[in-house]
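[1] One predicted model, sequence on top.
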Amino acid sequence: MRWSKTYIPTLRQNQSDAELVSHQLLLRGGFIRKLASGIYLYLPLMQRVIDKFSNIVREEMNRAGALEITMSVLCPAEVWQQSGRYDTMGKEQIRLKDRHDHDMVLCGTHEESVTSLVAGELKSYRQMPLNLYQIQVKFRDEIRPRFGLMRGREFIMKDAYTFDATEESFAISYQKMVDAYFAAFSRAGIEVQKVESDTGAMGGKAAHEFMLLVDTNAGEETILTTENGSYAANLEKAVFVDKAEIENESELKELETVDTPGAATILEVKKFFDVKSTRLAKTILYMADGKPVVALVRGDRDVNEVKLSNAVGAVELEMAKEEEILKYTGGPVGYSGPIGLKDVQIIVDPLVTKLTNFIVGANVDGKHIINVNCGRDFNPTKVMDITLARKGDKSADGSKLIAKSGIELGNTFQLGTKYSEALGAKFLNEAGEEMPCIMGSYGIGITRTPQAVIEKYHDDKGIIWPKNIAPYLVCLIPINLEKEAQAETAEAIYKALNDEGIDVLYDDRKERAGVKFNDADLIGLPIRITIGDKSLQDGNVELKARSEKDMELVKVENIVEAVKKMANRLN
Ligand code: ATP
Ligand code: MG
């Protein structure tokens with residue numbers, strides 16, 4: 001492609017509405033333009049990146065036996081009502097009415113569509129395993145669209161869905177997708193880490209996320225992992241083995257209400273009683289889908305709201321407001337406790353049930369209760385792990401958890417039979433019994449991933465694309481096109497590379513060399529060929545990798561081979 005014939009509107013200035021360097025570089029490099037919050041237009045360079053990454057993903061999906069289809073983005077509400085998610089997706093789901101006043105949605109994911117597709121058509125175990133996927137636009141009215149393509153309201157996703165007849169067969173289907181993910185990301189030039197994650201609104205049993213670890217503020221997720229990777233989970237999911245030393249008394253003492261004026265925080269209460277915070281239980285009131293729930297964790301720990309949501313099966317969970325605390329506990333903020341509560345669910349962490357004679361709020365201003373024992377003084381609705389793990393905690397094998405920041409590029413969900421039962425995707429097994437299909441769902445962010453790659457690979461001059469998803473492999477720059485020898489050599493090299501099927505962007509603009517070099521560094525093509533008078537006198541051109549400092553001189557007639565060789569050793 002000739003630069004003069006394409007459309008690459010590069011910008012000199014940093015853009016004020018882009019926080020992340022990757023977002024900044026996409027705008028400045030002329031890859032994308034914003035139409036509205038979270039809605040972007042992909043320009044020619046971006047389109048090429050998207051096409052290249054999509055094709056890698058497509059090849060790996062096909063290799064794993066998945067079949068490409070395309071499902072509609074517009075979907076009647078009924079399909080979502082059948083699964084129950086019409087009520088649980090909240091405002092993220094874009095809803096509209098068609099001209100017949102029929103409720104419709106713009107899909108943000110396609111479990112419902114794909115399950116209704118196979119329902120009634122998959123009749124026998126012999127038709128499985130089946131894996132259907134698509135690469136397609138998705139709509140989600142994100143609460144906080146930000147960071148450019150990282151969190152858009154319209155974006156492209158690869159989504160695959162598997163249908164299996166048995167758990168054994170499902171395990172193989174799942175593993176095939178995991179392997180395909182590692183292969184696809186590796187071909188895109190990045191190493192991802194697979195971590196355990198929460199299943200969230202998807203329902204289902206287990207899930208994994210594929211994270212790109214970054215040092216910048218682009219990592220929206222925190223990962224807790226051991227140094228050797230023996231354990232890795234995102235913060236929402238992470239579990240740990242408690243190693244705190246607890247000073248438990250063996251004899252259960254009588255309850256006692258104590259005046260603790262002005263002691264409302266854990267720190268103040270701990271000081272007041274001169275005890276460790278592990279002798280206290282924190283009682284926090286939440287509103288779960290409008291209903292009151294208290295969460296009890298040990299005084300030195302915090303509540304993991306995702307674990308708590310799961311424990312109570314809540315779609316929306318919020319910390320209670322002051323007036324709600326007063327209404328449901330009878331006391332003010334800072335003095336909540338589990339004793340004497342009515343019509344409030346009490347979810348207690350197992351670390352609290354192990355304590356004896358601990359301290360809680362009395363639900364009365366300026367008072368706490370001491371010598372509290374779970375089961376004797378109040379009854380938990382549920383005992384469940386609701387504690388937030390943190391760095392420094394110990395994993396099951398005794399190693400220390402460290403925190404890393406990551407960008408989620410893809411995920412895999414074990415859905416079980418939630419959707420197949422709801423939407424009637426049933427088949428006859430070998431014994432002739434009717435069974436729901438065992439399903440999995442698998443996403444990759446097709447537009448998020450390239451931006452994440454930039455977050456990882458850039459310098460102060462611009463992007464450094466990995467070769468397989470770069471819009472072009474080579475940037476060909478004659479310093480001065482007015483000089484006949486340079487122009488002729490440029491045309492000859494352009495033709496030679498094209499003939500070999502090498503993607504080359506030929507900067508044939510009548511711009512100063514400085515402008516061309518700046519633009520080339522900004523858009524970040526992996527290899528640059530520079531044609532200048534001095535080297536050309538000896539029949540040479542300059543060959544340089546974007547990721548490296550030094551250039552080499554190559555005879556014009558050897559340039560194709562040299563480009564291939566350089567490409568081979570580059571990421
Ligand atoms: P997140 O936790 O980041 O919101 P998610 O769990 O909602 O992601 P999925 O619904 O599983 O993500 O979607 C699969 C993939 O699609 C994600 O791993 C991510 O790469 C991409 N993705 C999800 N939401 C967006 C978005 N708003 N903009 C761009 N890509 C997205
Ligand atoms: Mg999301």
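    Structure's in. What do you need? Ligands and ions are numbered 1, 2, ... in the order given.

[2] Can you say which helix or strand has Leu326 in it?
    helix 322-329 (DSSP states H and E).

[3] C-terminal to that helix, what's the next element?
    strand 345-348.

[4] Please list the outside residues in contact with that following strand.
    288, 291-296, 308, 311-312, 338, 374, 378-384, 386 (C-beta atoms under 8 Å, 6 or more residues apart in numbering). In short, each C-beta sits where N, CA and C put it, glycine included.

[5] Go through these and flag which are in strands.
    Under the assignment DSSP state E, these contribute 288, 291-296, 382-383 to strands.

[6] one step back: could you list which of the contacts of strand 345-348 also contact ligand 1?
    Among the contacts of strand 345-348, not one lies near ligand 1 by C-beta under 6 Å from any ligand atom.

[7] Buried subset of those, written for PyMOL?
    Listed next is the PyMOL selection for buried residues among the contacts of strand 345-348, using 16 or more other C-beta atoms under 10 Å:
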select buried, resi 288+292+293+294+295+296+308+311+312+338+374+378+380+383+384+386
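
[8] Helix or strand: which one has the residue nearest to Gln193 when sequence neighbours are not counted?
    Leaving aside its chain neighbours, Gln193 sits nearest to Met211 (4.9 Å; criterion: C-beta to C-beta, 6 or more residues apart in numbering). Applying DSSP H and E as the criterion places Met211 in strand 206-213.

[9] That strand pairs with which strands, and in what direction?
    strand 193-197 (antiparallel), strand 401-416 (antiparallel) (DSSP bridges).

[10] could you dump those to CSV with distance to ligand 1?
    Below are those laid out as CSV (distance: least, C-beta to the nearest ligand atom, whole Å):
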stretch, distance to ligand 1
strand 193-197, 8
strand 401-416, 4
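
[11] Tell me the residues of the stretch 51-200 of the chain that contact ligand 1?
    109, 140, 142, 151-152, 155, 157.

[12] if you set the cut-off to 5 Å instead, what comes out?
    142, 151-152, 155, 157 (C-beta under 5 Å from any ligand atom).

[13] just these now: which is nearest Arg187?
    Met157 (18.2 Å; C-beta to C-beta).

[14] Does that closest one touch Gln136 like I think?
    Yes - between Met157 and Gln136 a contact is recorded at 6.8 Å, counting by C-beta atoms under 8 Å.

[15] Which parts of this protein belong to which domain?
    45-71+106-237+403-454, 256-383, 472-569 (automatic domain parsing).

[16] Deepest in the core, which of the ones you listed is it.
    Greatest average neighbour count among the domains of the chain goes to domain 45-71+106-237+403-454 (a mean of 20), per mean count of other C-beta atoms under 10 Å.

[17] Endpoints of it, how far apart?
    Domain 45-71+106-237+403-454 has an end-to-end distance of 14 Å (C-alpha to C-alpha, to the nearest Å).

[18] Quick one: mean pLDDT over that domain.
    Mean per-residue pLDDT for domain 45-71+106-237+403-454: 94.

[19] Please apply the same query to stretch 20-35.
    97.

[20] Check what contacts it and list those residues.
    7-15, 17-18, 40-43, 45-46, 49, 147-150, 216-218, 451-452, 454-455, 458, 462-463, 522-524.

[21] Between its first and last residues, how far does it reach?
    OK, stretch 20-35 end separation, C-alpha to C-alpha: 18 Å.

[22] Report the contact partners of the residue of the chain found nearest ligand 1.
    Using C-beta to the nearest ligand atom, the single residue of the chain nearest to ligand 1 is Gly445, 2.2 Å away. Residues near Gly445 by C-beta under 8 Å, 6+ apart: 155-157, 408-410, 452.

[23] Which one of those is nearest to Glu236?
    Glu408 (11.2 Å).

[24] The closest one is in contact with Glu221, isn't it?
    Yes - using C-beta under 8 Å, Glu408 is in contact with Glu221, at 5.7 Å.

[25] now Ala496: how far from Asn568?
    In this view, Ala496 and Asn568 are 18 Å apart by C-beta to C-beta, to the nearest Å.

[26] try Ile50
    For Ile50, the distance to Asn568 - C-beta to C-beta - is 25 Å.

[27] Leu570 against Ile527, yeah?
    Yes - Leu570 is within contact range of Ile527, at 7.4 Å (criterion: C-beta under 8 Å).

[28] list residues touching both of those two?
    With C-beta under 8 Å, 6+ apart, Leu570 and Ile527 have common neighbours Ala545.

[29] quick one: the strands in the stretch 401-550 of the chain?
    401-416, 426-428, 434-436, 438-445, 458-459, 462-463, 474-478, 504-506, 527-531, 540-545 (DSSP state E, counting those that start in this stretch).

[30] Dump those strands to CSV, plus distance to Arg58.
    Shown next, in CSV, are the strands of the stretch 401-550 of the chain (distance: least, C-beta to C-beta, whole Å):
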stretch, distance to Arg58
strand 401-416, 14
strand 426-428, 28
strand 434-436, 29
strand 438-445, 11
strand 458-459, 26
strand 462-463, 24
strand 474-478, 24
strand 504-506, 24
strand 527-531, 25
strand 540-545, 28
